[in-house]
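In: Below: sequence and its predicted model.
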Amino acid sequence: MSGIYFHIPFCKQACHYCNFHFSTSLKHKDAVLQAMKKELHHYAREGWQGPLKTLYFGGGTPSILTVEEIEHFIELARQLYGLTPGAEITLEANPDDLNDDKLRELAKSPVNRLSLGIQSFNAKELTWMNRAHTPQQALESLELTAHLFENYSLDLIYGIPGSSMQQWAANLNEALRFNPPHISAYALTVEPRTALRSFIDKGVSDDVDEGATQEQFNHLVDTLTDLGYDHYETSNFARNGFYSRNNSAYWQGEYYLGIGPAAHSFDGARRWWNPSNNLSYVRTLEKGELPAEVEELTIRDRYNEAVMTGLRSRWGVSLEKIREQFGEVYQAYLLEQAAPYLRDQFLFLDEETLYTAGKGKFLADGIASDLFMINLK
């Protein structure tokens with residue numbers, strides 16, 4: 001397998017747009033962490049092997065953990081599975097958790113990549129999102145991170161209702177002052193069962209403006225590619241040598257384990273996930289059982305995933321691999337469905353690989369869904 005994802009399901013407060021699993025109470029934190037260690041041991045006993053190329057601490061807010069707690073997971077993974085030399089070890093972190101002492105302690109730990117949840121440098125936008133940090137904390141954490149870590153990334157959000165192109169450009173320019181090796185920029189999406197969905201339904205907030213969002217995406221792509229960043233996945237941009245190895249493995253279909261409540265795993269033929277409930281997760285592992293729900297992937301499921309991940313990333317969709325893995329019928333279907341997008345230059349073919357063209361990048365998910373195999377008689 002390529003790596004392990006650790007889901008740390010705790011946050012200081014709930015961002016209005018977020019639908020990930022987390023708890024704002026730390027009451028059961030120790031029990032969850034102990035259960036996660038049991039889950040690591042379980043898969044090792046089942047025969048899952050490394051060495052691992054990546055470890056990724058996501059959430060939630062992994063930077064809520066102490067450096068000692070993070071190091072314990074890294075060491076346990078090393079003992080049970082092994083780590084490749086120079087393995088990428090990423091920690092997602094929020095600026096409000098990263099004072100000078102903690103950042104310096106992290107820099108001395110095995111963590112060698114930080115992913116900073118900046119989202120915005122604008123006080124009004126941060127308040128609207130219900131982020132826990134201030135613009136000043138964002139700048140201070142970014143400045144010290146840039147000094148202490150060669151490899152780091154920062155997250156930004158665009159398409160915020162009421163936010164102008166000028167404000168989006170200002171956010172992007174503020175980030176670029178630090179010349180970060182990696183930037184992840186996400187279009188705001190309105191997810192079910194979130195505070196944002198409720199605000200829009202009640203008229204408290206404007207809905208997302210798709211036209212403004214696409215305009216901001218185009219500015220993002222033009223600005224970063226002009227500066228030499230490689231747009232290697234719809235939402236991700238990197239300097240040469242600084243792709244996220246963890247996420248690249250997902251997009252290329254490599255196997256991985258997800259540890260923790262709500263974490264997903266994949267072995268090529270199956271996908272399984274743990275319950276989005278901390279106590280249910282803990283109690284099941286205390287009984288020596290795995291809490292996961294399993295989905296057996298059909299050939300159609302695997303074809304659809306190959307199309308989705310390929311069109312979102314720089315690797316594209318190889319017609320040869322589609323034929324080898326799924327058969328000539330699937331290859332012919334893909335080309336048939338892609339024909340209108342090739343004609344209108346949303347897609348292009350290069351050496352038997354299908355890619356999104358410039359104006360198709362923002363629409364990659366929608367285009368991919370039109371190429372999915374829904375029902376093959």
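Out: Structure's in. What do you need?

In: Report whether the expected contact of Pro9 with Thr24 is present.
Out: No: counting by Cβ atoms under 8 Å, Pro9 does not reach Thr24; the two are 10.3 Å apart. Yep, even glycine has a C-beta here, placed from its N, CA and C like the rest.

In: Which one of these two is surrounded by more residues?
Out: Neighbours were counted for Pro9 and for Thr24 using other Cβ atoms under 10 Å; Pro9 has more, 27 against 10.

In: which residues touch stretch 221-238?
Out: 169, 172, 176, 181-187, 239-240, 243-244, 247-248, 251, 312-314, 358, 361-362, 364-365 (Cβ atoms under 8 Å, 6 or more residues apart in numbering).

In: ugh, typo on my part, it should be stretch 11-22
Out: 7, 9-10, 23-24, 59-61, 64, 94, 96, 128-132, 157, 188-196, 199, 261-262, 276.

In: Next, Cys15: secondary structure please.
Out: coil (DSSP: H, G, I helix; E, B strand; the rest coil).

In: ok, it - how many residues close by?
Out: Using other Cβ under 10 Å: Cys15 sits among 22 other residues.

In: chain center to stretch 344-359, what's the gap?
Out: A distance of 24 Å separates the centroid of the chain from that of stretch 344-359, by Cα atoms, centre = their mean, to the nearest Å.

In: sorry, back to before: just the buried ones from the contacts of stretch 11-22, in ChimeraX syntax?
Out: In ChimeraX, this line selects whichever of the contacts of stretch 11-22 come out buried by 16 or more other Cβ atoms under 10 Å:
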select :7,9,10,23,59,60,61,64,94,96,128,129,131,132,157,188,190,194,195,196,199,261,262
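
In: Could you tell me which of the contacts of stretch 11-22 belong to strands?
Out: 7, 59, 157 (DSSP state E).

In: ok, which stretches of the stretch 251-377 of the chain are strands?
Out: 256-259, 264-266, 270-273, 293-296, 317-318, 347-350, 353-356 (DSSP state E, counting those that start in this stretch).

In: Tell me which of those strands approaches Pro161 most closely.
Out: strand 353-356 (26.4 Å; Cβ to Cβ).

In: In contact with Phe6, which residues?
Out: 36, 55-58, 62, 73, 259-260, 263.

In: Kindly report the same for Val32.
Out: With Cβ under 8 Å, 6+ apart, Val32 has these contacts: 9-10, 260-261, 278, 281-282.

In: quick revisit: and the ones in strands among the contacts of stretch 11-22, which is closest to Thr84?
Out: For the ones in strands among the contacts of stretch 11-22, the minimum distance to Thr84 (Cβ to Cβ) is 22.3 Å, reached by His7.

In: The closest one bridge partners, please.
Out: His7 has these beta-bridge partners by DSSP bridges: Gly58.

In: Now do the helices in the chain.
Out: Using DSSP state H, the helices of the chain run over residues 29-45, 67-81, 100-108, 123-129, 135-148, 165-176, 195-201, 210-226, 245-251, 278-286, 299-312, 319-326, 328-343, 364-371.

In: Serialize the ones you listed to TSV and add fields for mean pLDDT and distance to Leu116.
Out: As requested, the helices of the chain are exported to TSV (pLDDT from 0 to 100; distance: least, Cβ to Cβ, whole Å):
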stretch	mean pLDDT	distance to Leu116
helix 29-45	97	22
helix 67-81	98	16
helix 100-108	97	10
helix 123-129	96	14
helix 135-148	97	6
helix 165-176	98	10
helix 195-201	93	22
helix 210-226	97	17
helix 245-251	95	15
helix 278-286	96	25
helix 299-312	96	23
helix 319-326	96	35
helix 328-343	96	35
helix 364-371	96	25
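
In: Just put the ones you listed in TSV and tack on distance to Leu354.
Out: Supplementary listing: those in TSV, determined by distance: least, Cβ to Cβ, whole Å:
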stretch	distance to Leu354
helix 29-45	35
helix 67-81	35
helix 100-108	41
helix 123-129	36
helix 135-148	37
helix 165-176	30
helix 195-201	34
helix 210-226	19
helix 245-251	15
helix 278-286	39
helix 299-312	7
helix 319-326	7
helix 328-343	6
helix 364-371	9
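
In: sorry, back to before: what is the nearest of the contacts of Val32 to Glu210?
Out: Pro9 (31.4 Å).

In: Could you measure from the residue nearest the centre of the chain over to Asn236?
Out: The chain has Asn247 as the residue nearest its centroid, 6.7 Å off, counting by Cα atoms, centre = their mean. Using Cβ to Cβ, to the nearest Å, one gets 7 Å for the distance from Asn247 to Asn236.

In: now do Trp168
Out: Distance from Trp168 to Asn236, by Cβ to Cβ: 17 Å.

In: Tell me which of those two has more neighbours.
Out: Trp168 (26 against 23).

In: Is that one in contact with Phe217, as I believe?
Out: No: Trp168 is beyond contact range of Phe217, at 9.6 Å (criterion: Cβ under 8 Å).

In: Gly3 reaches Gly58, doesn't it?
Out: No: in this structure, Gly3 is not within contact of Gly58 by Cβ under 8 Å, at 11.7 Å.
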